[in-house]
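J.: only geometry, no sequence info:
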């Protein structure tokens with residue numbers, strides 16, 4: 001959990017509404033790694049962020065002994081390689097690791113942009129309808145991935161929360177917000193029974209509870225992002 005001082009000198013530069021920051025927070029919690037959380041300012045972006053991630057200028061950034069590691073997927077793998085005691089995040093089998101990385105790329109590059117399109121960018125009935133169709137189709141693909149990767153067990157990672165659980169699970173707050181805003185359930189017992197059960201188990205884990213934000217708390221951030229988008233298009 002977040003702490004004021006750490007034996008391993010671990011710091012996380014992030015933002016509480018950021019699912020990518022949440023992804024790392026959950027991983028650190030699962031591994032029982034104490035860390036200092038540094039809240040990014042965004043407007044303007046902090047000197048620390050610009051210095052530590054000059055290429056993308058994005059959170060999260062993990063600092064381990066003052067060395068910055070950027071990009072949440074890279075950070076997850078770094079955490080798993082450095083802190084080897086206890087629960088592993090990535091599967092031990094090479095093929096299973098490759099499959100997990102494949103689906104992680106799908107979730108970040110295909111599924112999440114569809115969710116973002118629905119919640120932030122889509123305007124007007126036709127655009128919202130098209131965005132909704134896209135995210136429903138993408139979510140059905142993730143349901144299939146869960147069935148394949150979990151092999152009938154509780155999580156994408158099997159019996160315990162693993163790499164893909166973190167990759168997808170960090171978006172739960174924003175997924176719930178999208179459902180609230182659009183008025184449509186994206187996860188249902190009829191179309192995504194595997195994910196419905198998985199959400200219950202994942203959300204109840206102690207490493208997750210304090211990290212994933214409620215939709216009501218994210219609403220202000222959503223309005224801010226929408227305003228920024230509208231300003232950029234006018």
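T.: Here it is on my side, so go on. Keep in mind the model is a prediction, meaning the values are calculated, not measured.
J.: number of residues surrounding residue 126?
T.: 9 (other Cβ atoms under 10 Å). Bear in mind the C-beta positions are built from the backbone N, C-alpha and C, glycine included.
J.: could you say what helices and strands the one helix or strand it maps to packs with?
T.: Applying DSSP states H and E as the criterion places residue 126 in helix 125-150. Counting contacts by 3 or more Cβ pairs under 8 Å, 6 or more residues apart in numbering; DSSP states H and E, helix 125-150 is packed against helix 94-106, helix 112-116, helix 163-169, helix 172-182, helix 193-203.
J.: which positions in the second one come out as buried?
T.: Going back to what we said before, that points to helix 112-116. Judged by neighbour count using 16 or more other Cβ atoms under 10 Å, the buried positions of helix 112-116 are 112, 114, 115, 116.
J.: follow-up on the earlier one: so which bits of the helix holding residue 126 are buried?
T.: Going by neighbour count (16+ other Cβ under 10 Å), the buried part of helix 125-150 is 128, 131-132, 134-136, 138-139, 142-143, 145-146, 149-150.
J.: any chance of the helices and strands packed on helix 125-150 in a markdown table, plus distance to residue 65?
T.: A markdown table is the format used below for these (distance: least, Cβ to Cβ, whole Å):
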| stretch | distance to residue 65 |
| --- | --- |
| helix 94-106 | 26 |
| helix 112-116 | 31 |
| helix 163-169 | 23 |
| helix 172-182 | 31 |
| helix 193-203 | 31 |
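J.: out of these, deepest packed?
T.: Mean neighbours per residue, mean count of other Cβ atoms under 10 Å, is largest over the helices and strands packed on helix 125-150 for helix 163-169, with a mean of 26.
J.: show the contacting residues for residue 215.
T.: 173, 176, 177, 179, 180 (Cβ atoms under 8 Å, 6 or more residues apart in numbering).
J.: which one is the last one nearest to, not counting chain neighbours?
T.: Leaving aside its chain neighbours, residue 180 sits nearest to residue 215 (4.9 Å; criterion: Cβ to Cβ, 6 or more residues apart in numbering).
J.: got it, and residue 52?
T.: According to Cβ to Cβ, 6+ apart, the nearest residue to residue 52 is residue 68 (3.9 Å).
J.: assign that neighbour to helix, strand or coil.
T.: Here residue 68 is recorded as strand under DSSP: H, G, I helix; E, B strand; the rest coil.
J.: enumerate every residue touching the residue nearest the centre of the chain.
T.: By Cα atoms, centre = their mean, the chain has its centre lying nearest to residue 170, at 2.9 Å. Contact analysis of residue 170 by Cβ under 8 Å, 6+ apart lists 19, 20, 22, 23, 26, 72, 212.
J.: show the backbone phi and psi for residue 62.
T.: Residue 62 has phi and psi values of phi -100, psi 130 when expressed as degrees, to the nearest 10.
J.: possible to save the contacts of residue 170 as JSON lines with distance to residue 63, secondary structure and pLDDT?
T.: Listed next are the contacts of residue 170 as JSON lines, based on distance: Cβ to Cβ, whole Å; DSSP: H, G, I helix; E, B strand; the rest coil; pLDDT from 0 to 100:
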{"residue": "19", "distance to residue 63": "20", "secondary structure": "helix", "pLDDT": "97"}
{"residue": "20", "distance to residue 63": "16", "secondary structure": "helix", "pLDDT": "98"}
{"residue": "22", "distance to residue 63": "18", "secondary structure": "helix", "pLDDT": "98"}
{"residue": "23", "distance to residue 63": "16", "secondary structure": "helix", "pLDDT": "98"}
{"residue": "26", "distance to residue 63": "18", "secondary structure": "helix", "pLDDT": "98"}
{"residue": "72", "distance to residue 63": "14", "secondary structure": "helix", "pLDDT": "98"}
{"residue": "212", "distance to residue 63": "23", "secondary structure": "coil", "pLDDT": "95"}
